[in-house]
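Asks: Fold the following, please.
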Amino acid sequence: MERLNFEDERLWKGLLVLGLLLNILVCFTSDLGLDTQVKMAVDENGALPWGDLRPDTLGESDPDDGGQRTVLPLYGFSEAAIKGAALLTFFALVACLFRWTGIYSAAILSLSPAFIFSIGRGYEEVYLAAFCALSFLLLTGIASKKYRVMQHLGGGFSFMLMAYAKGFVDLNGVLLGGLLIAVLTTAWREIDTRGGEKTRWMSQPHLVSIAVCSFVTLSMVVLGILGYNSTLAILAENPVRYTTAFAFSLLDVVVLFVLFGMVAWPFVRPMVSAMASIEDSDIAMMAGYIVGITTALVFYVAALWTYEASIWGAEWPGIIWTMGNNGRYITMLFIPLVLLLQHLSHHVEIPTYGTPGSKIKVMGVTLFLLLPLSLLASVHGQTMWTDEAAEVMNLNEDEHFLFVSEDTLAMHWLYTFYGPLDAEEKQITGHWRSIDATWELDLNTSLSHVNTLVTSPDVTLTPEGWVVQSNGEVDFLNGGGEWRVLTRS
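Replies: Numbers count the residues shown, from 1 in each chain. Just a heads-up that it's a prediction; the model follows:
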């Protein structure tokens, strides 16, 4: 580290090129992720053909209840198209950041382990980042002071596209939510402009941040108590476990993925000091935007962990290790954070990603500490043992099979068979039973028409009347062990 000259831009250009190459490489080394393969199976009516991910009856799937999901249209394309679209969008984000703030922030973005992880798996983080950056620019008006109302409309729709990308709202929700955000933003501007001394606090970034954090916190708690959806409702149903999850979520989202993953920790103290010393309505809105989304994500990730653990009967807090990568959602705020620091530097002399000054060595060392994670995410990628199992299952049209595994992410794993089996074309139906369910009995009763059984490494029992047709080893990073395909004897 001592021999590296972090002030030499050639080093950062090399890191930028390395980051872009790693993002290309991961498209070849990684299978699509679990969530992506689920989304690719969603039919034209928004239903999952083999049953919803959260079955009403614990421990068994229900093909007659496909639920209702909203997914981006691109998940109807091929694997190559999904990865290619994510890669091109990411390159566009890197190019914009390079043009706006220079080589340092672009290099950090290109080497982000979270983005490399997401692009290889076809996840929507890159689109969340694009929609987030666009709505940030339009709602705060930092790119132009003209046509503010039109900017607010565009910013509102862009903001709601983040919710659409995650499946929280449909296109009607995008329109209604976008209009509401535009109205609220316009009203905020008018009140701030006309309020005089009474609304002076609306131009103070630290006070706006506190107010937004408090409002979002109260809103999330109220929505959880009212049972707005099953995920947030766990906040009231299991408050003790949720409190534990919240502490871990704060660590995961803020410390690991923001301070370390975004190489943000060298800038936190000067940024907070600067925001407490200035008055600027645009910067106040920027700060409120970032703090609001961060607060909501910490609450959401904690709720997601707690709820999923409850329906899977997973060990606590072991599930946090399984789902710890959910903190990657916060990467959508990297570009807004970079832009906030840049605009703060126009008022107060502080280090930024574009002009780090004395922080450049700390920034460089942190990036080099992240480099092994970036390399691992790119070179290893996601692996799916279910591809190998699907190749030897030899299912014909209209046949059924049963997948037996432990509960955690089981329905997600079930849908990894969907593509390799050409299930849509052949009208193949997959079923899942928990290792703790009465699956042996079901094979002779409700599933008597099933002649193919697939067991995960957690299952060692061979039911009577069945023989092992084929088996294989699961990758160590997927838990290791032996998978089996069995047929009726």
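Asks: Could I get the phi/psi values of the residue nearest the centre of the chain?
Replies: By Cα atoms, centre = their mean, the chain has its centre lying nearest to residue 329, at 4.1 Å. Note on residue 329: backbone dihedrals following degrees, to the nearest 10 are phi -60, psi -30.
Asks: now it, nearest residue through space, not along the chain?
Replies: If the residues on either side of it in the chain are set aside, residue 329 comes closest to residue 297, at 5.5 Å by Cβ to Cβ, 6 or more residues apart in numbering. All C-beta atoms are positioned from the backbone trio N, CA, C, and that covers glycine.
Asks: Can you classify the residue lying closest to residue 237 once chain neighbours are set aside as helix, strand or coil?
Replies: Counting by Cβ to Cβ, 6+ apart, the nearest residue to residue 237 once its immediate chain neighbours are dropped is residue 310, at 8.0 Å. Classification of residue 310 using DSSP: H, G, I helix; E, B strand; the rest coil returns helix.
Asks: cool, residue 472 as well?
Replies: Counting by three-state DSSP, the backbone at residue 472 sits in strand.
Asks: could you check the distance from the residue nearest to it when sequence neighbours are not counted over to residue 268?
Replies: Once flanking residues are discounted, residue 472 sits nearest to residue 388: 5.1 Å by Cβ to Cβ, 6+ apart. Here residue 388 is placed at a distance of 46 Å from residue 268 (Cβ to Cβ, to the nearest Å).
Asks: which of those two has more neighbours?
Replies: Per other Cβ atoms under 10 Å, whichever of residue 388 and residue 268 has more neighbours is residue 388, with 17 against 11.
Asks: Could I get the pLDDT score of the more buried one?
Replies: On pLDDT, residue 388 comes in at 93.
Asks: so where does it fall, helix or strand?
Replies: Assessed by DSSP states H and E, residue 388 sits inside helix 386-391.
Asks: then that helix to PDB, C-alphas only?
Replies: Presented in PDB, the C-alpha positions along helix 386-391 are these (Å, rounded to 0.1, in the frame of the first residue of the first chain):
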ATOM      1  CA  THR A 386     -30.600 -27.400 -10.100                       C
ATOM      2  CA  ASP A 387     -29.400 -27.000 -13.700                       C
ATOM      3  CA  GLU A 388     -27.600 -30.300 -13.500                       C
ATOM      4  CA  ALA A 389     -30.500 -32.000 -11.800                       C
ATOM      5  CA  ALA A 390     -32.900 -30.700 -14.500                       C
ATOM      6  CA  GLU A 391     -30.700 -32.200 -17.200                       C
END
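Asks: any idea how far residue 31 is from residue 121?
Replies: To residue 31, residue 121 is 8 Å away according to Cβ to Cβ.
Asks: Over to residue 433?
Replies: Distance, residue 433 to residue 31, using Cβ to Cβ: 24 Å.
Asks: Neighbour count: the two, which is higher?
Replies: Shown here are residue 433 and residue 31; by other Cβ under 10 Å, residue 433 has more neighbours (23 against 18).
Asks: With adjacent residues omitted, what lies nearest to the more buried one?
Replies: Nearest non-adjacent residue to residue 433 (Cβ to Cβ, 6+ apart): residue 439, at 3.7 Å.
Asks: What is the burial count for that neighbour?
Replies: By other Cβ under 10 Å, 23 other residues sit near residue 439.
Asks: got it, and residue 242?
Replies: Residue 242 is flanked by 22 other residues according to other Cβ under 10 Å.
Asks: who touches it in this structure?
Replies: Neighbour list for residue 242: 234, 235, 302, 303, 306 [criterion: Cβ atoms under 8 Å, 6 or more residues apart in numbering].
Asks: Assess the claim that the first one and residue 307 are in contact.
Replies: Yes. The pair residue 234 and residue 307 passes the contact test of Cβ atoms under 8 Å, sitting 4.3 Å apart.
Asks: SS state for residue 398?
Replies: When classified by three-state DSSP, residue 398 comes out as coil.
Asks: and it, what pLDDT?
Replies: Reading off the model, residue 398 has pLDDT 94.
Asks: repeat for residue 325
Replies: pLDDT recorded at residue 325 is 84.
Asks: buried ones in stretch 199-215?
Replies: 201, 202, 203, 204, 205, 206, 207, 208, 209, 211, 212, 213 (16 or more other Cβ atoms under 10 Å).
Asks: what comes into contact with it?
Replies: Identification of contacts with stretch 199-215 by Cβ under 8 Å, 6+ apart yields 188, 191-192, 195, 272, 275-276, 278-281, 283-288, 291-292, 295.
Asks: Next one: residue 292 from residue 471, what distance?
Replies: Distance of residue 292 to residue 471, given as Cβ to Cβ: 51 Å.
Asks: quick one, which of those two is more surrounded?
Replies: Ranked by neighbour count (other Cβ under 10 Å), residue 292 and residue 471 place residue 292 first, with 18 against 14.
Asks: now for the helix or strand hosting the more buried one, which elements pack on it?
Replies: In this assignment (DSSP H and E), residue 292 forms part of helix 281-312. Applying 3 or more Cβ pairs under 8 Å, 6 or more residues apart in numbering; DSSP states H and E, one finds that helix 281-312 contacts helix 125-140, helix 171-194, helix 205-226, helix 230-237, helix 239-250, helix 318-323, helix 334-344.
Asks: Tabulate the CA atom coordinates of the fourth one in CSV.
Replies: Read that as helix 230-237. Only the C-alpha atoms of helix 230-237 are listed here, as CSV (Å, rounded to 0.1, in the frame of the first residue of the first chain):
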residue,chain,number,x,y,z
SER,A,230,-47.6,-8.9,5.7
THR,A,231,-43.9,-7.9,5.7
LEU,A,232,-44.3,-4.7,7.7
ALA,A,233,-46.9,-6.2,9.9
ILE,A,234,-44.2,-8.4,11.5
LEU,A,235,-43.0,-5.2,13.3
ALA,A,236,-46.1,-5.4,15.5
GLU,A,237,-46.5,-9.2,15.6
